[in-house]
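# sequence first, then the predicted structure:
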Amino acid sequence: GAVVSQHPSWVICKSGTSVKIECRSLDFQATTMFWYRQFPKQSLMLMATSNEGSKATYEQGVEKDKFLINHASLTLSTLTVTSAHPEDSSFYICSASWGSSEQYFGPGTRLTVT
Amino acid sequence: QKEVEQNSGPLSVPEGAIASLNCTYSDRGSQSFFWYRQYSGKSPELIMFIYSNGDKEDGRFTAQLNKASQYVSLLIRDSQPSDSATYLCVAGADGLTFGKGTHLIIQP
């Protein structure tokens, strides 16, 4: 149980374009989903927390107009990186929880912006 | 500022030995503690959680919690090369606070 999927697993896009990443909880209803970013050899960095039907709460320093998060249902959250630039290239990971503290992570999406 | 401190390593342990991973946390209000394993290029995988003082065993893994000392540890018995990974210690109170991880290398 507690399976979280992400799509796509990797994406290459051109600078200035937007990319949408989907995160789905497959066998449970996720009341809260989290979006993280991880650069090579660095630790996870929490970008934002989203509850179903509510606006996401962004961490300090994360531009909410650049990283658009939609948590439309209890099984789906999306992260859209708008006007992506090479410095946005990173490993984006979502996680989900259903009220307990445990978070279950998706497999991640590797974004490369050229 | 809530913090979880871990030695970044690398921690090198011979195959078959016990690997001991430790962390301390700053928020006395933390109620739940987790160990995640992260292989290079992959996302974290939950391997253990513990809520009460004492030991919790699951297969080759034992998590230990001492709330008075604000100390959490993970023991891996009969270490295998496949255990080589970065281990993240996480404390939960109002949200989760992640440590930066300990890089564990099991030497064949």
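Noted; the coordinates are in hand.

# which residue comes closest to the residue nearest to the spatial centre of chain A once chain neighbours are left out?
The centroid of chain A falls nearest to A:Trp35 when counting by Cα atoms, centre = their mean (3.7 Å). Once flanking residues are discounted, A:Trp35 sits nearest to A:Met47: 4.6 Å by Cβ to Cβ, 6 or more residues apart in numbering or on different chains. The C-beta positions use only the backbone N, C-alpha and C, and glycine is treated the same way.

# wait, what's in contact with that neighbour?
A:Trp35, A:Tyr36, A:Arg37, A:Tyr58, A:Glu59, A:Val62, A:Phe67, A:Leu79 (Cβ atoms under 8 Å, 6 or more residues apart in numbering or on different chains).

# just the buried ones from the residues you listed, in ChimeraX syntax?
This is how ChimeraX selects the buried members of those, with burial counted by 16 or more other Cβ atoms under 10 Å in any protein chain shown:
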select /A:35,36,37,58,62,67,79
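
# which of the contacts of A:Met47 sits closest to chain B?
Nearest to chain B out of the contacts of A:Met47 is A:Tyr36 (Cβ to the nearest Cβ; 8.6 Å).

# low-confidence ranges, chain B, go.
Applying pLDDT under 70 to chain B picks out no residues at all.

# would you mind naming what in it lies close to chain A?
Contact residues (Cβ under 8 Å from any Cβ of the partner chain) of chain B with chain A: B:31-32, B:34, B:36, B:41-46, B:49, B:88, B:92, B:95-96, B:98-101.

# give me the buried subset of these.
B:32, B:34, B:36, B:43-44, B:46, B:49, B:88, B:92, B:96, B:98-101.

# can you list those in TSV and add secondary structure?
Formatted as TSV, these follow (DSSP: H, G, I helix; E, B strand; the rest coil):
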residue	secondary structure
B:Ser32	strand
B:Phe34	strand
B:Tyr36	strand
B:Ser43	coil
B:Pro44	coil
B:Leu46	strand
B:Phe49	strand
B:Leu88	strand
B:Gly92	strand
B:Leu96	strand
B:Phe98	strand
B:Gly99	coil
B:Lys100	coil
B:Gly101	coil
